[in-house]
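A.B. asks: please find the sequence and the predicted model below.
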Amino acid sequence: MSNSNPIPVVVNGAAGKMGREVIKAVSVAQDITLIGAIDTNPKYLGQDAGEVAGCEPVEIPILNDLQANLVLATQEKTQGVMVDFTHPDSIYDNIRTAIAYGVRPVVGTTGLSPDQIKDLSEFAEKASTGCLIIPNFSIGMALLQQAAVQASQYFDHVEIIELHHNQKADAPSGTAIQTAQRMAGAGKTYNPAMVEETEKLKGARGSIAEDNIRIHSVRLPGLIAHQEVIFGAPGQIYTLRHDTSDRSCYMPGVLLAIRKVTQLKGLLYGLEKIL
Ligand SMILES: NC(=O)C1=CN([C@@H]2O[C@H](COP(=O)(O)OP(=O)(O)OC[C@H]3O[C@@H](n4cnc5c(N)ncnc54)[C@H](OP(=O)(O)O)[C@@H]3O)[C@@H](O)[C@H]2O)C=CC1
Ligand SMILES: O=C(O)C1=N[C@H](C(=O)O)C[C@H](O)C1
């Protein structure tokens, strides 16, 4: 670890499933210091963020005031970072607000449209502020996507199945969309039709992402986050699968992103860009 000042971090969505994991991870990182915790859930307002996360008290109350926390982050010796795991409906505004304050966003919240990402990229560039948007912080998913990109050179037929807990607001998952984006642009349209298909029930064949890659979304209690990329060719099936069994799997990626974003002057999208 360096001797420089610790990186001040505010966590937005601090009382949520991911926010709690981030509070735990940040509270034991020597070079990162938690300075603020934000959440809109009235049940947790005023409570100690560490206690809500199930670790030692951190003497930071959870507040429903993003702007006050961003101001705090600007008053530190080192430029601050906002880690955001909130909701697809608020994420665009959260990122713009953080950048406007000169606070660097590390974003796990999914659901941004390509136009919104483009707009945020231009805004971050103009402001010369680092920003990382990472649909999946786990190393396993980064490796799965790398393998999928490699396999897509050899297979013309591929479908994605993503499976998540049933409290997830957005579908398909940000990870599945990014996986399709990474396999797209190879100069081909996947899944050329073999017969004329009829959907007897709407949605039976899933949604269609870039270059005709199909994505199917499953939502069930008992699941956390899982994804299969299934390639087919005559006489063979090649399946890539990633399973999450605990949300702690995202934390090495989140801590890496907090450290890397302080060195950036614009927006990067995807964990692979900082590995
Ligand atoms: N990039 C990655 O690796 C991962 C990304 N995610 C994504 O992160 C996001 C959050 O997931 P998860 O933690 O499971 O969700 P949760 O619903 O468990 O947590 C979100 C928390 O944020 C609160 N919240 C909602 N809106 C706001 C807002 N505008 N400002 C502040 N707080 C707000 C919620 O309050 P309330 O409950 O009252 O709504 C809740 O406490 C999702 O988009 C999910 O897809 C999840 C896992 C990994
Ligand atoms: O909501 C979740 O849980 C997850 N969301 C992200 C996504 O939409 O891809 C990442 C991971 O799949 C967990």
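C.D. replies: That came in fine, so what should we check first? Ligands and ions are numbered 1, 2, ... in the order given.
A.B. asks: for stretch 159-170, buried residues please.
C.D. replies: Using 16 or more other CB atoms under 10 Å as the test for burial, stretch 159-170 gives Glu159, Ile160, Ile161, Glu162, Leu163, His164, Lys168, Asp170. (Each C-beta comes from the backbone N, C-alpha and C, glycine too.)
A.B. asks: show me what from the chain comes close to ligand 1.
C.D. replies: 12-13, 15-19, 38-41, 85-88, 90, 108-111, 134-137, 168, 250 (CB under 6 Å from any ligand atom).
A.B. asks: drop anything exposed from those residues.
C.D. replies: Among these, the ones that count as buried by 16+ other CB under 10 Å are 12-13, 15-16, 18-19, 38-40, 85-87, 90, 108-111, 134-137, 168, 250.
A.B. asks: near ligand 2, which of these show up?
C.D. replies: Residues shared between those and the neighbourhood of ligand 2 are Thr110, Pro135, Asn136, Lys168 [CB under 6 Å from any ligand atom].
A.B. asks: now for the closest residue to ligand 2 within the stretch 1-150 of the chain: which residues touch it?
C.D. replies: The nearest approach of the stretch 1-150 of the chain to ligand 2 comes at Thr110, 3.7 Å away (CB to the nearest ligand atom). Taking CB atoms under 8 Å, 6 or more residues apart in numbering, we find Thr110 in contact with Pro88, Pro135, Asp170, Ser173, Gly174, Thr175.
A.B. asks: show me the two of those that sit farthest apart.
C.D. replies: Using CB to CB, the two most remote members of these are Pro88 and Thr175, lying 13.7 Å apart.
A.B. asks: dump the ones next to ligand 2 among the buried ones among the residues of the chain next to ligand 1 to TSV, plus distance to Leu268, pLDDT and secondary structure.
C.D. replies: Formatted as TSV, those follow (distance: CB to CB, whole Å; pLDDT from 0 to 100; DSSP: H, G, I helix; E, B strand; the rest coil):
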residue	distance to Leu268	pLDDT	secondary structure
Thr110	16	98	coil
Pro135	12	98	coil
Asn136	14	98	coil
Lys168	24	98	coil
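A.B. asks: so the nearest residue to Gly130 once chain neighbours are set aside: helix, strand or coil?
C.D. replies: Spatially, and ignoring its direct neighbours in sequence, Gly130 is nearest to Leu264 (3.1 Å; CB to CB, 6 or more residues apart in numbering). Secondary structure, DSSP: H, G, I helix; E, B strand; the rest coil: Leu264 is coil.
A.B. asks: from Gln47, how far out is Leu264?
C.D. replies: 33 Å (CB to CB, to the nearest Å).
A.B. asks: residue ranges of the strands in the chain, please?
C.D. replies: Applying DSSP state E to the chain gives strands spanning 7-12, 32-38, 62-63, 81-84, 104-107, 131-133, 157-164, 207-208, 214-219, 225-233, 236-244, 267-269.
A.B. asks: just to revisit the earlier point, dump the contacts of Thr110 to JSON lines, plus distance to Leu240.
C.D. replies: Output for the contacts of Thr110, formatted as JSON lines (distance: CB to CB, whole Å):
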{"residue": "Pro88", "distance to Leu240": "26"}
{"residue": "Pro135", "distance to Leu240": "17"}
{"residue": "Asp170", "distance to Leu240": "22"}
{"residue": "Ser173", "distance to Leu240": "15"}
{"residue": "Gly174", "distance to Leu240": "18"}
{"residue": "Thr175", "distance to Leu240": "12"}
